[in-house]
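> Give me the fold of what follows.
(chains A and B)
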Protein chains: 2
Amino acid sequence: MPPRRAWPLACATALLLAGCHGLPVPSATRSGPPLTAAAVLESARPDDWRRPDPQNLLCLDLGKGRVVIELSPLLAPRHVANVRALVRERYFDGLAIVRVQDNYVVQWGDPDAGKPELARPIRTAQRQLPAELEFRLPPALPFHPLPDGDLYAPQAGFLDGMPIARDPQTGQCWPIHSYGMVGAGRDNALDSGGGAEMYVVSGQAPRHLDRNVTLFGRVLQGMDRLTSLPRGPGPMGFHEKPEDRPPIQSIRLASDLPEAERPRIEVLRTDTETFRRWVEARRNRREAWFHRAAGRIDVSNIPIPVR
Amino acid sequence: MPPRRAWPLACATALLLAGCHGLPVPSATRSGPPLTAAAVLESARPDDWRRPDPQNLLCLDLGKGRVVIELSPLLAPRHVANVRALVRERYFDGLAIVRVQDNYVVQWGDPDAGKPELARPIRTAQRQLPAELEFRLPPALPFHPLPDGDLYAPQAGFLDGMPIARDPQTGQCWPIHSYGMVGAGRDNALDSGGGAEMYVVSGQAPRHLDRNVTLFGRVLQGMDRLTSLPRGPGPMGFHEKPEDRPPIQSIRLASDLPEAERPRIEVLRTDTETFRRWVEARRNRREAWFHRAAGRIDVSNIPIPVR
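Predicted structure coming up:
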């Protein structure tokens, strides 16, 4: 590789304990010396990875490629059930991506949903549901807040593979609008969504949406197929011309697909020591390119490894 | 507009004092009742807007559209001078976008920069410069830290239209890697950049890069032309095949263009009461769609209005 291009390459090189040039030296992790993020992943054990339940995997096929979304019943059980029902009645097949707003969201559903005579009927699922904005931590799931706090919430961290915030005084938890999080678009009324129109966060975490709209999952694979779509020229990134709207071929639950067509995907568990070391390696970058380790990290700056 | 699409529309509607549904009520601003962001802009006076100096405006023409970048001599005077020199010797014309990494950076320059026999020569400018990572606040420029602090730095705010961090104990300031910030790619050595290879932040603010690499400007217009480019299939988003690299037609300083070809652009001044109210309106969203105001804001979540 040409040396002028070594900047980005060096960023991902797994240089174990590569020189930090005498700048702030991160402390060692509990279970060994500090590692780069790549080295942490290499050190992961097989059971640090999980295979998502096929009943929680949505396969959004765009013709030009697939986007895989993990549903989280923990965050929004009624929305997850409703999305499964919508998918099973093939509600989304042939609908379209209606909105691509730069540095904000990509949104899909029925472009004619607002016109009763044209809107696609919903047969078994619900068109609208009360928003599911908060939840209580199940006692079996320990929550480990991130070490550096959060600008928007008393605590932030990960639960079952999803970024969440928590208020220790009330015990309430809520999902965080990080890159890749998927929710149910709604009108002004809190009970006007339901999953028939979905959006995914495609830019700087819009944390002002937290607890304003239901999040029910997260993209595991294929985000770039959505984020590289042409931006909609209309207000707020809407595609006004039908021919400009990227079509949705189908959305299926992995559990409804033949074994051979299911995504083969593993996600690093967020409740493991390996994930804690991954976060630590992202807080304090040790690759040779870095001259200064941040020593801090925001929840929305922690990608969850997938393989 | 169909009501199902009212979610995003409502977000931008300038509903003065629209109902906040009884949830946390933001306090009034100093100079009047709380406004929506749109209403703040409507109330702006002509001198709240500035026309950037044409000597600080780069026009990056991609054939399919233009990207306008504002250079900031405050952040990195030597890099700005060197970029001007590179542009004036037409160094970039006919080069290409070499890297498009999802949720991270878009980068451009000479794909052959690392091959001495193929690299484009640099005639009058410098190929490499010492990094410019920090600066001291000029006494004439007051700095107003944002009210909610910052996860990565003691203080954060805006100076002369750029997002910056500050350590009040040392008086040092440094630019922040927010969406749209432009910097000089480098190799592992801190003095291996100079502006001949540039990058722009295209995703969640990568704050771990702060004070590791020189930032010298910010995109004012046309970001979507870069962020919607196909992602590079190579490691870290590099385009390995020459035919995949989006070509750069030219980069020019606005001051070197005929008057009619210069961008007509105005930017909201960040040192005004109007900008303070803009920030307040983004901290506490008052549009009818919102049921809960965040009451907090991160520096990277504050776009700077351009018209």
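
> Helices of the stretch 201-307 of chain A, start to end?
Using DSSP state H, counting those that start in this stretch, the helices found in the stretch 201-307 of chain A span residues A:223-227, A:273-283.

> could you measure residue A:149 against residue B:151, distance?
Distance, residue A:149 to residue B:151, by Cβ to Cβ, to the nearest Å: 7 Å. For every residue, glycine as well, the C-beta is placed using N, CA and C.

> neighbour-wise, which of the two wins?
residue B:151 (22 against 16; other Cβ atoms under 10 Å in any protein chain shown).

> next SSE after the helix or strand bottoming out on mean pLDDT in chain A?
Of the helices and strands making up chain A, the lowest-confidence element is helix A:6-12, at a mean of 36, by mean pLDDT, DSSP states H and E. Proceeding N to C from helix A:6-12, the next assigned helix or strand is helix A:37-42, under DSSP states H and E.

> and that following helix with chain B, contact?
No. Helix A:37-42 is not in contact with chain B by Cβ under 8 Å from any Cβ of the partner chain; minimum separation 10.7 Å.

> what helices or strands is that helix leaning on?
Counting contacts by 3 or more Cβ pairs under 8 Å, 6 or more residues apart in numbering or on different chains; DSSP states H and E, helix A:37-42 packs against helix A:273-283.

> Pull out the buried positions in the helix it packs on.
Residues A:274-283 are the ones in helix A:273-283 that count as buried (16 or more other Cβ atoms under 10 Å in any protein chain shown).

> Stretch A:149-158 too?
Under 16+ other Cβ under 10 Å, the buried positions of stretch A:149-158 are A:149-153, A:155-158.

> Could you confirm whether stretch A:232-244 reaches chain B?
Yes. Judged by Cβ under 8 Å from any Cβ, stretch A:232-244 and chain B are in contact via A:235-238.

> Please list only the buried members of those residues.
A:236-238.

> quick one: which of those residues is nearest residue A:111?
Closest approach to residue A:111 among those (Cβ to Cβ): residue A:238, at 9.1 Å.

> mind checking how far the residue nearest to residue A:201 when sequence neighbours are not counted is from residue B:38?
Distances taken as Cβ to Cβ, 6 or more residues apart in numbering or on different chains put residue A:181 closest to residue A:201, at 4.9 Å, once the chain neighbours are dropped. Using Cβ to Cβ, one obtains 26 Å as the distance from residue A:181 to residue B:38.

> More neighbours: the two, which one.
A direct count of neighbours by other Cβ under 10 Å for residue A:181 and residue B:38 places residue A:181 higher, at 27 against 17.

> Run through the residues that contact that one.
A:162-163, A:175, A:200-201, A:215, A:217-219 (Cβ atoms under 8 Å, 6 or more residues apart in numbering or on different chains).

> again, only this time at 7 Å
Neighbouring residues of residue A:181 by Cβ atoms under 7 Å, 6 or more residues apart in numbering or on different chains: A:175, A:200-201, A:215, A:218.

> that older thread, just name the closest of the residues of stretch A:232-244 next to chain B to chain B, please.
residue A:236 (4.4 Å; Cβ to the nearest Cβ).

> Which positions in the stretch 101-250 of chain A make contact with chain B?
A:102-103, A:113-115, A:148-149, A:151-152, A:179, A:185-188, A:190, A:197, A:203-205, A:207-208, A:211-212, A:223-224, A:227-231, A:235-236 (Cβ under 7 Å from any Cβ of the partner chain).

> Would you mark the buried spots in stretch A:111-119?
Under 16+ other Cβ under 10 Å, the buried positions of stretch A:111-119 are A:111-113, A:119.

> and what of stretch A:292-304?
A:292-302, A:304.

> Now tell me what touches that stretch from outside.
Against stretch A:292-304 from outside (Cβ under 7 Å, 6+ apart): A:20, A:23-24, A:26, A:146, A:148, A:150, A:156-157, A:161, A:163, A:176, A:178-179, A:205, A:267-268, A:270, A:279, A:282-285, B:151-152, B:204, B:207-208, B:211-212.

> what is the mean pLDDT for that stretch?
What stretch A:292-304 shows for mean pLDDT is 98.

> how long is it from one end to the other?
23 Å (Cα to Cα, to the nearest Å).

> Return the distance of that stretch from the chain's centre.
Computed by Cα atoms, centre = their mean, to the nearest Å, the chain-centroid distance of stretch A:292-304 equals 16 Å.

> now do stretch A:249-262
20 Å.

> what do you get for stretch A:38-46?
Worked out by Cα atoms, centre = their mean, stretch A:38-46 lies 22 Å from the chain centre.

> Figure out which of the helices of the stretch 201-307 of chain A is closest to residue B:98.
Of the helices of the stretch 201-307 of chain A, nearest to residue B:98 by Cβ to Cβ is helix A:223-227, at 16.9 Å.

> what comes up buried for that closest one?
Quick answer for helix A:223-227 (16+ other Cβ under 10 Å): A:223-227.

> Could you export the residues you listed to TSV, including columns for pLDDT and distance to residue B:94?
Shown next, in TSV, are the buried residues of helix A:223-227 (pLDDT from 0 to 100; distance: Cβ to Cβ, whole Å):
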residue	pLDDT	distance to residue B:94
A:223	98	32
A:224	97	27
A:225	97	30
A:226	98	32
A:227	98	28
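
> And those, which is closest to chain B?
Nearest member of the buried residues of helix A:223-227 to chain B, counting by Cβ to the nearest Cβ, is residue A:224, at 4.2 Å.

> That closest one and residue B:104 touch, don't they?
No. Between residue A:224 and residue B:104 there is no contact under Cβ atoms under 7 Å: 10.8 Å.

> that older thread, could I get the helices of the stretch 201-307 of chain A as TSV with distance to residue B:255?
Conversion of the helices of the stretch 201-307 of chain A to TSV gives the following (distance: least, Cβ to Cβ, whole Å):
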stretch	distance to residue B:255
helix A:223-227	34
helix A:273-283	41
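
> And those: which comes nearest residue B:92?
helix A:223-227 (25.5 Å).

> tell me how far that closest one is from the chain's mean position?
12 Å.

> likewise stretch A:191-207?
With Cα atoms, centre = their mean, you get 11 Å for stretch A:191-207.

> Same question for stretch A:253-269.
For stretch A:253-269, the distance to the chain centre is 17 Å (Cα atoms, centre = their mean).

> I'd like the average pLDDT over it.
97.

> does whatever residue of the stretch 51-200 of chain A ends up closest to chain B sit in a helix or strand, and which one?
Taking Cβ to the nearest Cβ as the measure, the point where the stretch 51-200 of chain A comes nearest chain B is residue A:114, at 1.9 Å. Under DSSP H and E, no helix or strand contains residue A:114.

> Give me the pLDDT for it.
Value for residue A:114, per-residue pLDDT: 86.

> Over to the one 3 residues further on?
What the model reports as pLDDT for residue A:117 is 93.

> returning to what we had before: and which of the residues of stretch A:232-244 next to chain B is nearest to residue A:254?
Among those, and counting by Cβ to Cβ, the member closest to residue A:254 is residue A:237, at 29.2 Å.

> For residue A:63, which non-adjacent residue is closest in space?
residue A:249 (4.8 Å).

> Give me the neighbour count for that neighbour.
Residue A:249: 15 neighbours (other Cβ under 10 Å).

> Is it in contact with residue A:62, as I believe?
Yes. Residue A:249 is within contact range of residue A:62, at 6.3 Å (criterion: Cβ under 7 Å).
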